[in-house]
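Novice: Quick one, fold the following:
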Amino acid sequence: MDDAELVIASSSTDVGISCWDLHTGAEHLRFKSCASPPHGVASVAGRFLASSQIRDSKSSSGSIFYWSWNKPQVEVKSFPSEPIKPLVSNSQGTYIAGGGVSGEIYLWEVATGKLLKQWHAHYRAVTCLVFNDDQSLLISGAEDGYVYVWSLFLIFDDARRSESKHLYEYSFNAHSLRVTDVKTGYGGCNAIIVSASEDRTCKVWSLARGELLRNIVFPSVIDSISLDPGEHVFYAGGRDGKIYIAGLNAPVANNSSYGKYIIGSLSEHSKSVTCLASSANGFLLVSGSEDGMIRVWDTRTRNMIRVFRHTKGPVNNVLVIRNPQHLNPQTSANSSSRRHGLTLPPPLEKFAKSADENSHIKAFIGGSHSTSNQLLDSSYISVQTMESQIKELQQKGSSAAAEVDLERLKSEQQSSVQMIQKLKKINENLHEFCVTKLLDANRAEAAE
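Specialist: Here you go, the predicted model:
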């Protein structure tokens, strides 16, 4: 099934990672030896699972584990210089970013394990990290209450870094307590950001203007959020066991019993809702809780349609991902991923090499998913190997047939670029219209 999706769930207790088919409920392989912090589990472009590990909150050391899809045991272990809390991969699986308990952010190259960049991002522990949809920005939230927007172009450009007063594009500091979750919408640098905090608010920010668009106060502390793909609403998981539904572009009733902009709730969990994730089409919402249950909701009817139970202990991470090409539910626990021609990348470096040693590194920043499936059957390719292969192909491309193909591709590329420019213009106009409406509404409310 092309539209098959998996639910991945983990816990802060060492009970491993559970995996189910979202639509059929069939259980897949359970992955062993995982004690992940919130936001500490990532699917690296669908090729393998990665998770930060914090088994002792007082320890000064931590680890990052890799699992292949058809083997329950940990296959690669990395030991960074400090405990890592949130862990995230960009959509192409080129980079892994981790947030340290000291407030540092680390950026590794997956193929080589090289620590490319490290910078002091927050005054206290980083709690959440997310890439925007075009992969050009990294957004971080932390225990210091700040949300920062980091441009990867600036992070990788040493000349611009030396000239800039600060590394971040925006600094949002309206939260008064720890930031618990951050999510971004679609639209690249014109998208919205939604942040949640222990101050019982969720705040909606404009990336285009760097402004606060909406402040929503909830009856409970919010630990997790998930945006509806259409960005009409977002879901907020509360410590009171409820999942609140808050309006973005949906009609908002001012007489809501929960508060302004909150248009409803889902309620079945007996303890705090710690994590949320949505299916690709937005019709299904998955929630994880401290009660150890994972529940699946139909967002159209607001009914619960399926329940999964984690082995034991509280659930603190859920992911919904496309079914990996090499995941076979019938595979025995003793089978090896190498039988399928797959190899996992090397461990992540503990410390960065000198600038000279990393001089060959080039940043590939983009949101295309077109190559991710092609890379599933190959070993991880370093930047140097890619460059040599490109040169080899250029040297061989001298036949008349290749020239015809080249002209055809150039024509198709030009048409695609024109179409993209038109779509970008439409998106910018729509975004400008929505932001203006929201700001006008806020000003009108303030005037009243």
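
Novice: contacting residues around Lys248?
Specialist: Actually, residue 248 is Leu rather than Lys. Going by CB atoms under 8 Å, 6 or more residues apart in numbering, Leu248 touches Ile192, Val204, Arg214, Leu227, Asp228, Glu231, His232, Val233, Phe234. All C-beta atoms are positioned from the backbone trio N, CA, C, and that covers glycine.

Novice: got a markdown table for the residues you listed, with distance to Val320, neighbour count and pLDDT too?
Specialist: As requested, the contacts of Leu248 are exported to a markdown table (distance: CB to CB, whole Å; neighbours: other CB atoms under 10 Å; pLDDT from 0 to 100):
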| residue | distance to Val320 | neighbour count | pLDDT |
| --- | --- | --- | --- |
| Ile192 | 21 | 24 | 95 |
| Val204 | 23 | 20 | 96 |
| Arg214 | 26 | 21 | 94 |
| Leu227 | 13 | 22 | 96 |
| Asp228 | 13 | 19 | 92 |
| Glu231 | 17 | 18 | 91 |
| His232 | 19 | 15 | 91 |
| Val233 | 17 | 23 | 94 |
| Phe234 | 15 | 25 | 96 |
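
Novice: With distance to Ser272 and secondary structure added, can I get those in JSON lines?
Specialist: JSON lines is the format used below for the contacts of Leu248 (distance: CB to CB, whole Å; DSSP: H, G, I helix; E, B strand; the rest coil):
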{"residue": "Ile192", "distance to Ser272": "26", "secondary structure": "strand"}
{"residue": "Val204", "distance to Ser272": "23", "secondary structure": "strand"}
{"residue": "Arg214", "distance to Ser272": "24", "secondary structure": "strand"}
{"residue": "Leu227", "distance to Ser272": "20", "secondary structure": "strand"}
{"residue": "Asp228", "distance to Ser272": "22", "secondary structure": "coil"}
{"residue": "Glu231", "distance to Ser272": "26", "secondary structure": "coil"}
{"residue": "His232", "distance to Ser272": "26", "secondary structure": "coil"}
{"residue": "Val233", "distance to Ser272": "21", "secondary structure": "strand"}
{"residue": "Phe234", "distance to Ser272": "18", "secondary structure": "strand"}
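
Novice: Farthest-apart pair in those, please.
Specialist: Within the contacts of Leu248, Arg214 and Asp228 form the most distant pair, 15.0 Å apart (CB to CB).

Novice: Pull out the buried positions in stretch 120-135.
Specialist: Within stretch 120-135, the residues that qualify as buried are Ala121, His122, Ala125, Val126, Thr127, Cys128, Leu129, Val130, Phe131, Asn132, Asp134, Gln135, counting by 16 or more other CB atoms under 10 Å.

Novice: cool, and stretch 208-227?
Specialist: Neighbour-count burial for stretch 208-227 [16+ other CB under 10 Å]: 208, 213-214, 216, 218, 220-227.
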